[in-house]
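In: how would this look folded up:
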Amino acid sequence: MNQSTALDTFRLHYPLIRVRQYPDMLVYKVPPTQLRDSMSAARALVRSFELPLQVERPEQGNTFWVKEVPNA
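Out: Presented below is the predicted three-dimensional model:
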């Protein structure tokens, strides 16, 4: 599966509205109380579809991103 298809697949199946989109990354912002559950759901979706993506978050804030894994 190529990387653009991986992000497209993720976007189609993940219910949250993204706040930013880049060619290799989607950025989501959620209330702080929902951050852990939202990231867990995103990781579960990546695993279930075996997508070459990773879910990360910055040190602070209530955003996280879904990013392509290079050379996956």
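In: Could you list every helix and strand in contact with the helix or strand where residue 19 lies?
Out: For residue 19, the host element (DSSP states H and E) is strand 18-22. With contacts defined as 3 or more Cβ pairs under 8 Å, 6 or more residues apart in numbering; DSSP states H and E, strand 18-22 has these neighbours: strand 25-29. (Each C-beta comes from the backbone N, C-alpha and C, glycine too.)
In: average pLDDT for the helix or strand just after the strand it packs on?
Out: Sequence order places helix 35-48 as the next helix or strand after strand 25-29, per DSSP H and E. The average of the pLDDT scores along helix 35-48 is 96.
In: Show me what helix 35-48 is packed up against.
Out: Partner elements for helix 35-48 (3+ Cβ pairs under 8 Å, 6+ apart): helix 3-13, strand 53-56, strand 63-68.
In: which of these is buried the deepest?
Out: strand 63-68 (a mean of 20; mean count of other Cβ atoms under 10 Å).
In: tell me the angle of that one relative to strand 18-22?
Out: Using axes from the mean of the first three to the mean of the last three Cα atoms, to 10 degrees, the direction of strand 63-68 lies 40 degrees away from that of strand 18-22.
In: on that earlier part again, and residue 22, which of the helices and strands packed on helix 35-48 is closest to it?
Out: strand 63-68 (8.7 Å; Cβ to Cβ).
In: what angle do the closest one and strand 25-29 make?
Out: Using the same axes, to 10 degrees: strand 63-68 against strand 25-29 is 160 degrees.
In: about what we covered before: out of the helices and strands packed on helix 35-48, nearest to residue 27?
Out: Across the helices and strands packed on helix 35-48, closest to residue 27 is strand 63-68 (Cβ to Cβ), at 4.8 Å.
In: what's next to that closest one, contact-wise?
Out: Residues outside strand 63-68 that contact it (Cβ atoms under 8 Å, 6 or more residues apart in numbering) are 3, 6-7, 10, 14, 19, 24-30, 35, 38-39, 42, 46, 52-57.
In: Please repeat the previous calculation with a cut-off of 10 Å.
Out: 2-4, 6-7, 10-11, 14, 16, 18-20, 22-30, 35-36, 38-39, 42-43, 45-46, 51-58 (Cβ atoms under 10 Å, 6 or more residues apart in numbering).
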